[in-house]
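Engineer: I'll drop the sequence and a predicted model, then ask my questions.
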Amino acid sequence: MPPVPAAREKRLVGTSLKMYFDLPSTLRYIDAVSQLSSTASNANIDLFVIPDFITALPSAEKLKNTNVWLGAQDTYSEDKGAFTGEVSPLTLSQAGVRIVEIGHAERRRLFGETDADVAKKSAACVRNGMIPLVCIGEKSKSNIASQAVGMAVEECKPQIMAALSEIPDSAEVVLAYEPVWAIGASEPAGADHVVAVTQALRELVAGRQGRTRILYGGSAGPGTFQRLKDGVDGLFLGRFAHDTKNLEKVIEEMREA
Ligand SMILES: O=C(CO)COP(=O)(O)O
């Protein structure tokens with residue numbers, strides 16, 4: 001008898017606004033995403049949206065009768081104390097945040113975040129009942145095509161291991177594979193590369209007890225998922241979801257793929 005194929009994971013898609021929008025446009029955006037809640041639910045897809053910290057509370061209010069998950073772009077690793085300017089994971093969870101980005105490439109590059117920070121922040125999320133959305137990816141694109149996949153996997157491996165090192169094996173985690181060179185670009189990384197890398201990363205986490213979904217991010221938009229679906233469970237969108245019609249298109253495509 002042929003082996004029964006492993007059931008595929010429930011798909012997941014979401015978007016981070018980074019620091020692109022001002023306050024009124026963020027609130028309008030959250031309203032527009034809330035309108036996509038039933039489209040996503042009917043397609044059996046989890047949908048999340050990540051505004052800035054300032055709009056977390058009003059966003060939670062707007063999303064409270066929907067199935068859309070509210071996210072945060074970062075968190076501090078401690079729950080309380082003398083950490084001026086930081087945002088507590090306890091407060092985020094109390095505000096209704098369900099998923100927290102950890103170690104985005106921009107945080108690593110511009111703000112010096114290390115794998116050790118990522119480990120502590122991931123633990124802080126789990127401790128407070130939130131899901132860490134751990135961003136990983138290689139910094140540069142290899143010129144030697146035959147080595148690109150192996151090199152990317154080697155670079156991502158310690159990033160993943162660090163993130164998992166301080167959380168229980170049973171904790172739910174989302175990994176966002178975002179090759180740094182594909183973020184803010186005109187098009188996503190090539191499908192062959194992404195599928196090969198994410199399949200290898202999935203093997204690394206296959207023994208985990210906790211649900212571990214893998215997303216692709218980096219100039220993703222309509223048309224991307226279909227090409228990556230053999231490697232990933234969904235997409236982490238940026239600029240190409242600023243128009244929520246594109247987000248809707250992506251959800252529709254994920255339903256059909
Ligand atoms: O960094 C990203 C998502 O976190 C991707 O951003 P872009 O899709 O705008 O490249």
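Structural biologist: Okay, I see it. Numbers count the residues shown, from 1 in each chain.

Engineer: could you use CA atoms for every contact and neighbour count after this?
Structural biologist: OK.

Engineer: ok, whatever residue of the stretch 1-150 of the chain ends up closest to the ligand - contacts?
Structural biologist: Residue nearest to the ligand within the stretch 1-150 of the chain: residue 16 (5.8 Å; C-alpha to the nearest ligand atom). Contact analysis of residue 16 by C-alpha atoms under 8 Å, 6 or more residues apart in numbering lists 49-51, 73, 236-238.

Engineer: and with 6 Å instead?
Structural biologist: Residues counted as contacts of residue 16 (C-alpha atoms under 6 Å, 6 or more residues apart in numbering) are 50, 238.

Engineer: please apply the same query to the one 3 residues further on.
Structural biologist: If a contact means C-alpha under 6 Å, 6+ apart, then residue 19 has no contacts.

Engineer: from residue 214, how far off is residue 9?
Structural biologist: 10 Å (C-alpha to C-alpha, to the nearest Å).

Engineer: and if you look at residue 77?
Structural biologist: 23 Å.

Engineer: neighbour-wise, which of these two wins?
Structural biologist: residue 214 (27 against 20; other C-alpha atoms under 10 Å).

Engineer: element containing the more buried one, please.
Structural biologist: Using DSSP states H and E, residue 214 sits in strand 212-217.

Engineer: so after that strand, what's the next helix or strand?
Structural biologist: Per DSSP H and E, the first helix or strand lying C-terminal to strand 212-217 is helix 225-228.

Engineer: C-terminal to that next one, what's the next element?
Structural biologist: Following helix 225-228 toward the C-terminus (DSSP H and E): strand 234-237.

Engineer: partners of that following strand in the sheet?
Structural biologist: Sheet pairing here is set by DSSP bridges, and for strand 234-237 it gives strand 11-16 (parallel), strand 212-217 (parallel).

Engineer: what distance separates that strand from the centre of its chain?
Structural biologist: 7 Å (C-alpha atoms, centre = their mean, to the nearest Å).

Engineer: can you list contacts of that strand?
Structural biologist: Contact with strand 234-237 is made by 11-15, 215-217, 220, as judged by C-alpha under 6 Å, 6+ apart.

Engineer: make TSV from the residues you listed and add neighbour count and pLDDT to it.
Structural biologist: As requested, the contacts of strand 234-237 are exported to TSV (neighbours: other C-alpha atoms under 10 Å; pLDDT from 0 to 100):
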residue	neighbour count	pLDDT
11	22	98
12	22	98
13	21	98
14	25	98
15	22	98
215	28	98
216	31	98
217	28	98
220	26	98
